[in-house]
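1. show me how the following folds:
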Amino acid sequence: MQLSALELRKGYLVTYQGRMCTVIHWNILRNDRRQFVQMKVKDLLTGRIQEMKEHGETKYEVLETEKIDLTHSYRDGNEEVFYTADGAEYRVGHEAAEDALKWPGETYKGMLADGKLVAIELPMSVTAVVTETAPPMKGGGSGTKDAMLENGIKVRVSLLTAVGDKVRIDPETLEFKERV
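-> A predicted model of the protein is given here:
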């Protein structure tokens, strides 16, 4: 199915320069005469991210996908192995699952194209425990400070956050949402 750049959305699977890519960022830019689409696509084979600015009418081949719930089992060479609840095994290249696996979870959303697992999606938000940060500042207002999460990722959190607190984070932007 062909869609124009204006019709694409984040999460769509497209063919770009002969490669299977997922749209990870999509935004409309307008000037007085035309509309442009600002996009970032991630190559599912190499993990490479490419930014581009396209005319709204530019056509893309969108691949039919199906989303399923999966549980991560183990890494086998350069492949990650996942299972469905009924025991079906799916394998995907490490690059296609790497970002999602940074955030340990019970289940992951897998994207199938033609019955083959091609990507693991990032969740909308994740909850993680703060393992390192400066002491909380009482009455600290609305500023932020550096913190290290249990999975080794550095983020900015509110001034009231202490070591051991659970925080909700947007895994794509690493933006702090709230203390849980």
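2. residues of stretch 48-64 that come out buried?
-> Under the neighbour-count criterion of 16 or more other CB atoms under 10 Å, stretch 48-64 has 54, 60, 62-63 buried. Where C-beta positions appear, they are placed from N, C-alpha and C, glycine not excepted.
3. beta-bridge partners for the residue nearest to Lys59 when sequence neighbours are not counted, please?
-> Spatial nearest neighbour of Lys59, chain neighbours left out: Gln2 (4.9 Å); criterion: CB to CB, 6 or more residues apart in numbering. Counting by DSSP bridges, Gln2 forms beta bridges with Glu61.
4. distance of the nearest residue to Lys116 once chain neighbours are set aside relative to Gln17?
-> With sequence-adjacent residues excluded and distances taken as CB to CB, 6+ apart, Lys116 is closest to Tyr90, at 8.0 Å. Using CB to CB, to the nearest Å, Tyr90 is found at 26 Å from Gln17.
5. between those two, which has more neighbouring residues?
-> Tyr90 (20 against 8; other CB atoms under 10 Å).
6. next up, the contacts around the more buried one.
-> 70, 81-84, 110, 112, 116-117 (CB atoms under 8 Å, 6 or more residues apart in numbering).
7. fine by me, we can end here.
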